[in-house]
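S.K.: Can you look at this prediction? I've put the sequence above it.
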Protein chains: 2
Amino acid sequence: MPDTDNASETPLELGSVLSALADPLRRQVIRELAQAPAETERTCASFGFPVSKATLTHHFRVLREAGLISQVDRGNSRAACLRREEIEGSLPGLLALLVSEKPVPAVE
Amino acid sequence: MPDTDNASETPLELGSVLSALADPLRRQVIRELAQAPAETERTCASFGFPVSKATLTHHFRVLREAGLISQVDRGNSRAACLRREEIEGSLPGLLALLVSEKPVPAVE
DNA sequence: CTATAGGTACGATGTACGTCATACCTAATG
DNA sequence: CATTAGGTATGACGTACATCGTACCTATAG
């Protein structure tokens, strides 16, 4: 497998994490990844958000820089996957909160 | 005791809560209240933040509107206290996260 | 080589947020 | 009543953020 690109090796600072999670779109990304099987990898586009590609890139960058996801370079595309261990390690219970709290009303 | 003023009876929506908690000053308020004995009540000024009174009011309003604190009107002043039950009820583990994660480097 | 698909980079724009100064309100103190 | 302390309301200002369009890059498909 292509070695996991952790991008900015942020040590999961609470402020950045909470800021990143303040946005409903980003929260849904994390929620879907958290609910997915295990080390599920998904492309940015696979979430089907009604925003431009540029906006998508922006949101995923925020998530990556907050240390919540890593993006594996697959040449043609880029797969995002949850950094479960790191998150659970420094912010235990966070993912559970996100998963349980919102089925998302409508991203629209 | 003067009956607790819950202000806006927000049902603790995740988005609002995370947005409120994205600010370090507000996070410290919650952290200090969470670490305090039990139903500790503190005035806004008692936290000694290096910001103007108007700014303080603003931050406490955000916390109140997010449903994280309630402010008891004491006539002369206003005491803020954590809404522990509500928080733990809908967002279990959140307070633990806040308390354990940051001793705050320096509010400056 | 020429598409085409998935992402990124670079402005640009409008809105939200943190901050402040100032003015005002309420209650206790003199 | 005047003063003082703790808060609130309003308006302003600068910055950060979400969003977009457009241009560009890389790899697969033809």
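M.R.: Okay, I see it.
S.K.: Would you mind naming the residues that bridge with A:Cys81?
M.R.: Beta-bridge partners recorded for A:Cys81 (DSSP bridges): A:Ser70.
S.K.: Contacts only, for it.
M.R.: A:4, A:33, A:39-42, A:69-72 (C-beta atoms under 8 Å, 6 or more residues apart in numbering or on different chains). All C-beta atoms are positioned from the backbone trio N, CA, C, and that covers glycine.
S.K.: Identify those among those residues that sit within strands.
M.R.: A:42, A:69-72 (DSSP state E).
S.K.: quick revisit: which one of the contacts of A:Cys81 is nearest to B:Phe47?
M.R.: A:Ile69 (34.4 Å; C-beta to C-beta).
S.K.: any idea how far A:Val99 is from the closest one?
M.R.: Counting by C-beta to C-beta, to the nearest Å, the gap from A:Ile69 to A:Val99 is 15 Å.
S.K.: who has more neighbours, the two?
M.R.: A:Ile69 (26 against 15; other C-beta atoms under 10 Å in any protein chain shown).
S.K.: doesn't A:Ala34 make contact with that one?
M.R.: No: with contact defined as C-beta atoms under 8 Å, A:Ile69 does not reach A:Ala34; the gap is 10.6 Å.
S.K.: Now do the shared contacts for these two.
M.R.: Joint contacts of A:Ile69 and A:Ala34 (C-beta under 8 Å, 6+ apart) are A:Leu82.
S.K.: ok, and the closest non-adjacent residue to A:Gln35?
M.R.: A:Val99 (5.8 Å; C-beta to C-beta, 6 or more residues apart in numbering or on different chains).
S.K.: list the contacts for the closest residue to chain B within chain A?
M.R.: Across chain A, the shortest distance to chain B (C-beta to the nearest C-beta) belongs to A:Gly93, at 3.4 Å. When contacts are counted by C-beta under 8 Å, 6+ apart, A:Gly93 touches B:92-94, B:96-97.
S.K.: JSON lines please, covering those and showing pLDDT.
M.R.: JSON lines is the format used below for the contacts of A:Gly93 (pLDDT from 0 to 100):
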{"residue": "B:Pro92", "pLDDT": "93"}
{"residue": "B:Gly93", "pLDDT": "93"}
{"residue": "B:Leu94", "pLDDT": "95"}
{"residue": "B:Ala96", "pLDDT": "94"}
{"residue": "B:Leu97", "pLDDT": "94"}
